[in-house]
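Chemist: Got a predicted structure plus its sequence, pasted below:
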Amino acid sequence: LPGRAFWIISDQCIGNQGSPSMAGLRRLGFLCLSCAALSQDSQDLANLHAELVELQAELSSQGALIKERARRLKTMAESGQDLEQQVDAQQRRLAFTTWLSQDDFDAKVKALEDKDFSYSGAMDSIWILLCGALVMFMHAGFAMLETGCCRVKNAQNVLMKNVVNVCVGTLGWWITGWAFAYGGPFGSD
């Protein structure tokens, strides 16, 4: 069919409401099927028939969905005043529980200001961990350097010396270094 004739026929099938009716869609589907039959291509005919059946099923499901939503909307409109009253009561309860007097507000602000929110303790710990990791990598590097500078028969002894060095250094840090790094006047808060 020429394009203009197709639109005239489809307007008659759809109708004046702008939404397709089931009978109008069937007429449009049969029109498409008859056009396909004229082309004598059975594969196109089968595809169009399958598409028509699929569209009819989709239209039926959409109609059922529209009816269900209209029913829900009607029940909501009937109980709308009850819903508005419940929402209003909930808002009043929330407003009542969040009101503070000026004294309560000032007390909470003072409590927050008294807390120490400094990050100096955390930054100190991060710095100590970073330095400790660098020292461990330095010990591994020195172990490789010293092992490479000695004969093969002494390599195991040099590596053991470096492991003992790390162990003694860690114990020394635990005994005295920690006190120097984190020690201080313990009597003050």
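Modeler: Structure received.
Chemist: switch to C-alpha atoms for all contacts and neighbour counts from now on
Modeler: Will do.
Chemist: where's residue 43 relative to residue 54, distance?
Modeler: Distance, residue 43 to residue 54, by CA to CA, to the nearest Å: 17 Å.
Chemist: likewise residue 47?
Modeler: Computed as CA to CA, the residue 47 to residue 54 distance reads 11 Å.
Chemist: Could you do residue 179 as well?
Modeler: Distance of residue 179 to residue 54, given as CA to CA: 80 Å.
Chemist: The helix ranked longest in the chain packs against which elements?
Modeler: Longest helix in the chain, counting residues (DSSP state H): helix 42-78. Counting contacts by 3 or more CA pairs under 8 Å, 6 or more residues apart in numbering; DSSP states H and E, helix 42-78 packs against helix 22-39.
Chemist: mean confidence for the helix it packs on?
Modeler: Averaging pLDDT along helix 22-39 yields 62.
Chemist: before we move on, what about stretch 66-75?
Modeler: 83.
Chemist: oh, and call the first residue 4 from now on, that's how I've got it
Modeler: All right, first residue 4 from here; so that's stretch 69-78.
Chemist: Name the residues of it that are buried.
Modeler: Along stretch 69-78, not one residue counts as buried under the neighbour rule (16 or more other CA atoms under 10 Å).
Chemist: Relative to residue 66, how far out is residue 60?
Modeler: Counting by CA to CA - residue 60 and residue 66 are separated by 10 Å.
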